[in-house]
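>>> Return atomic coordinates for the entry below.
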Amino acid sequence: MVGAGPNGLVAANRLADAGWSVLVLEEQDDVGGAVRSDRGHDPDFVHDTFSAFYPLAVASAALRGLDLERHGLVWEHAPAVLGHPRPDAPWAILHRDRDVTAALFEQQHAGDGEAWHELCRTWDVIGPALIDAVTGPYPPLRAGASMLARLPRVGGLDLVRDLLMPVATLGRDRFGGPGPGLLLAGNAGHADLPIEGAGSGVFGLLLTMLGQTVGYPVPRGGAGELSRALRRRLEAAGGEVATGTAVRRVVVEGGRAVGVVTADGTRLGARRAVLAAVAAPHLFGGLVDEVDLPSSVVRGMRRFDPGPGTVKVDWALDGPVPWAVPPPHAPGTVHVADSVADLTVSLAEVEVGLVPRHPFLLAGQMTTSDPTRSPAGTESLWAYTHVPQPDRLVGDAAADDDPAGGVVRGVWDADDLERFGDRIQARLERLAPGFGSRVRSRRVLGPHELEARNANLIGGALNGGTAQLHQQLLFRPVPALLGRAGTGVRGLFLASASAHPGGGVHGSAGANAARAALWHARLRRR
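Just a heads-up that it's a prediction; the model follows:
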């Protein structure tokens, strides 16, 4: 196994459970990939370096079935799941109790409470099958059949139409007030899907309803505790992990993957299979020689879209965020955009190659979610936003706002990061006057820093490739592979977020690769 992120560790656990001898090789000095935490810029504060909230981890069969609680994992929840503050207006709040969520929406617009309950009842019918269809192997035959059987109970083709429509339209069609639509659109903004584009509705609904049913839990003590629990489980099952060991080449002989070569020149053989939890451009653009790959895969990878980059800011605050309008229930996750229109403009600027003028922020109040993250009375806070990949950069949407020197050039050096960090912080200061006075320390991580900490985050891209429809399902990572974990090289399987079903900490890509490896091994024996 190459790579000890969540997908790699899930795959390794599945293979160890099947009786395979498993060795996981990880380039970094710790396991976790994009599920890690540190005390890098303030020793009293734990900050999740990349991802932080894990609804899919508790909802997907791939991770849920590993029973990680027996290996030390403890989940924590904030008082509220998600909040969206608005200037001089009540928050839109998603609470784990649907009655509380509905009551808050009803206060803001008559009828929205019952509309929320109706949406929840619809999810109760189709949600489990939809999650299985999204996270299971492609094509989702069993889960798809289950969904088809349930659809007549919740509107049939009318519901299918709702799921396919843009999330902004879904919010407008179902609710009279802005709150529910803000939550749906903000959740769709976790990926790089256009808010006004087809398919964003189902993604926004999925994350929103996961928050309503399972919450947005965090591991007690930091994101890295989830990865360490996966490692402990693997080692208890007899698997091995070697950190600080970079793989430089997959050895292919006679059209079959037979081992790997590490950075120090050591060759390690693989009797059954090599699983690679690495980004597709790294696997098909270096680890495997082009002559060993099918020509259709080589051609497809020339059009691979990594998705947008990311800039993330971590703060150590000596007090809670001083929100101008206090939320009725303190949320763990916070979305920052003045409106759905404001959010749409920000994401559209990134899509056309502009550094956003008013970036849409996804933020995490981590001490609110887990009191072990920092001293009592303080807050461990982060926020991130998407930015264009360097080869798609056109300019800064705010260039005309500050011609005196505040332009972000998009090279993401120290000056760019501090300027853009100030822009991000200004968005919070507007909603929480006095925010800056509570900052003990600040760290800004740009595309270069994120990729250096995890090579899978190419240019700071978080999802192993764009989540847009042209690179999902049977097109992921390239059409030639038909959404399967196979690579066109016998005995080599893609187990990263570049494979179906894509980004998110659900472990499904790893589980799907392990399932494919086990099936091919049985077929080979026969």
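
>>> Go through the helix or strand harbouring Leu417 and flag the buried ones.
Element membership for Leu417, per DSSP states H and E: helix 414-431. Residues of helix 414-431 classed as buried: Asp416, Leu417, Arg419, Phe420, Gly421, Asp422, Arg423, Ile424, Gln425, Arg427, Leu428, Leu431 (neighbour count, 16 or more other Cβ atoms under 10 Å). In this view, the C-beta of every residue, glycine as well, is placed from N, C-alpha and C.

>>> do stretch 224-242 as well
So, applying 16+ other Cβ under 10 Å, buried residues of stretch 224-242: 224-231, 233-235, 237, 239, 241.

>>> how far is it from where the chain is centred?
Taking Cα atoms, centre = their mean, to the nearest Å, one finds stretch 224-242 lying 21 Å from the centre of the chain it belongs to.

>>> can you list the residues that contact that stretch?
Residues from elsewhere that reach stretch 224-242 (Cβ atoms under 8 Å, 6 or more residues apart in numbering): 4-6, 9-10, 12-13, 15-17, 21-26, 30-33, 35-38, 48, 54, 57, 66, 68, 70-74, 219, 505.

>>> Kindly indicate which of the buried residues of stretch 224-242 lies nearest Phe175.
Leu226 (34.0 Å; Cβ to Cβ).

>>> Report the secondary structure state of the closest one.
For Leu226, the assignment made with DSSP: H, G, I helix; E, B strand; the rest coil gives helix.

>>> For it, give its distance to Arg232.
In this view, Leu226 and Arg232 are 11 Å apart by Cβ to Cβ, to the nearest Å.

>>> Could you do Glu225 as well?
Remark: distance between Glu225 and Arg232 (Cβ to Cβ) = 10 Å.

>>> For stretch 15-23, the averaged confidence score.
Averaging pLDDT along stretch 15-23 gives 98.

>>> circling back: what's in contact with the helix holding Leu417?
The contact list for helix 414-431, computed with Cβ under 8 Å, 6+ apart, reads 85, 87, 311, 313, 321, 323-325, 336, 355, 358-359, 361, 363, 383, 385, 387, 398, 406-410, 435-436, 439, 442, 444-446.

>>> moving C-terminal of that helix, what's the next helix or strand?
The element immediately downstream of helix 414-431 (helix or strand, assigned by DSSP H and E) is strand 439-445.

>>> so how far is the helix or strand following that following strand off the chain centroid?
Counting by DSSP H and E, the next helix or strand C-terminal to strand 439-445 is helix 447-453. Here helix 447-453 is found 16 Å from its chain centre; the criterion is Cα atoms, centre = their mean.

>>> Can you pull out the low-pLDDT segments for the stretch 351-500 of the chain?
Scanning the stretch 351-500 of the chain for pLDDT under 70 picks out 402-405.

>>> quick one: contacts for Ser51?
Ser51 makes contact with Ala34, Val35, Ala223, Leu462, Val505 under the criterion Cβ under 8 Å, 6+ apart.

>>> State the number of residues packed around Asp159.
Residue 159: Leu, not Asp. Neighbours of Leu159 under the rule other Cβ atoms under 10 Å: 18.

>>> Can you give me the distance of it to Leu205?
10 Å.

>>> Also Glu351?
Remark: distance between Glu351 and Leu205 (Cβ to Cβ) = 22 Å.

>>> So between those two, which is more surrounded?
Leu205 (24 against 17).

>>> Give the next helix or strand downstream of the helix or strand containing that one.
Assessed by DSSP H and E, Leu205 sits inside helix 200-213. Downstream of helix 200-213, the first helix or strand assigned by DSSP H and E is strand 218-219.

>>> Name the residues that touch that next one?
Strand 218-219 has contacts (Cβ under 8 Å, 6+ apart) with 48, 52-54, 73-77, 225-226, 229, 332, 366, 369-370.

>>> Which SSE is immediately downstream of the longest helix anywhere in the chain?
As assigned by DSSP state H, the longest helix anywhere in the chain is helix 112-135. Next in sequence after helix 112-135, counting helices and strands by DSSP H and E, comes helix 141-150.

>>> Helix 112-135 and that next one, what's the angle between them?
If you take axes from the mean of the first three to the mean of the last three Cα atoms, to 10 degrees, helix 141-150 sits at 150 degrees to helix 112-135.

>>> re earlier: buried sites along the longest helix of the chain?
Within helix 112-135, the residues scored as buried using 16+ other Cβ under 10 Å are 112-113, 115-117, 119-120, 122-123, 125-135.

>>> Show me how this protein divides into domains.
6-37+223-304+463-525, 96-213, 308-453 (automatic domain parsing).

>>> Return the distance of the first one from the chain's centre.
A distance of 18 Å separates the centroid of the chain from that of domain 6-37+223-304+463-525, by Cα atoms, centre = their mean.

>>> And for the second one?
On the basis of Cα atoms, centre = their mean, domain 96-213 sits 18 Å off its chain's mean C-alpha point.

>>> Straight-line length of that domain, end to end?
By Cα to Cα, to the nearest Å, the extent of domain 96-213 from end to end equals 7 Å.

>>> can you check the longest one too?
In terms of Cα to Cα, the two terminal residues of domain 6-37+223-304+463-525 are separated by 29 Å.

>>> sorry, back to before: ok and the longest helix of the chain relative to helix 200-213, angle-wise?
Relative orientation of helix 112-135 and helix 200-213, computed by the same axes, to 10 degrees: 110 degrees.

>>> ok so, going back, out of the buried residues of stretch 224-242, who's nearest Ala191?
Comparing these against Ala191 with Cβ to Cβ picks out Leu226 as the nearest, at 20.7 Å.

>>> Identify the bridge partners of the residue nearest to Ala276 when sequence neighbours are not counted.
Of all residues beyond its chain neighbours, the one nearest Ala276 is Val2 (4.5 Å), with distances taken as Cβ to Cβ, 6 or more residues apart in numbering. Under DSSP bridges, the beta-bridge partners of Val2 are Leu25, Ala276.

>>> Spit out the contact partners of Val2.
Here Val2 is in contact with Gly8, Leu25, Val247, Val250, Val260, Val274, Leu275, Ala276, Ala277, Val278, Leu287 (Cβ under 8 Å, 6+ apart).

>>> Ala11 too?
Ala11 makes contact with Met1, Leu275, Ala277, Ala495, Gly510, Ala511, Ala513, Ala514, Ala517, according to Cβ under 8 Å, 6+ apart.

>>> was I right about the fifth one contacting Val10?
When you say that, I think you mean Gly510. Yes: if you go by Cβ atoms under 8 Å, Gly510 and Val10 touch, sitting 3.8 Å apart.

>>> And those two? Which one has more around it.
Between Gly510 and Val10, counting by other Cβ under 10 Å, Gly510 is the more crowded of the two (33 against 30).

>>> Could you give the average pLDDT over the one helix or strand that one maps to?
Gly510 is located in helix 508-525, with elements delineated by DSSP H and E. Averaged across helix 508-525, pLDDT comes to 94.

>>> Confirm for me that His500 is in contact with Val478.
No: using Cβ under 8 Å, His500 makes no contact with Val478, being 11.4 Å away.

>>> now the helices for the stretch 301-450 of the chain?
In the stretch 301-450 of the chain, the segments counted as helices under DSSP state H, counting those that start in this stretch are 340-351, 366-369, 414-431, 447-453.

>>> Report the inter-axis angle for the longest one versus strand 439-445.
Angle of helix 414-431 versus strand 439-445, following the same axes, to 10 degrees, is 130 degrees.

>>> if we can go back for a sec, could you tell me which residues touch both of Leu159 and Leu205?
Common neighbours of Leu159 and Leu205 (Cβ under 8 Å, 6+ apart) do not exist.

>>> what comes up buried for stretch 41-50?
Residues Asp42, Phe45, Val46, His47, Asp48, Thr49, Phe50 are the ones in stretch 41-50 that count as buried (16+ other Cβ under 10 Å).
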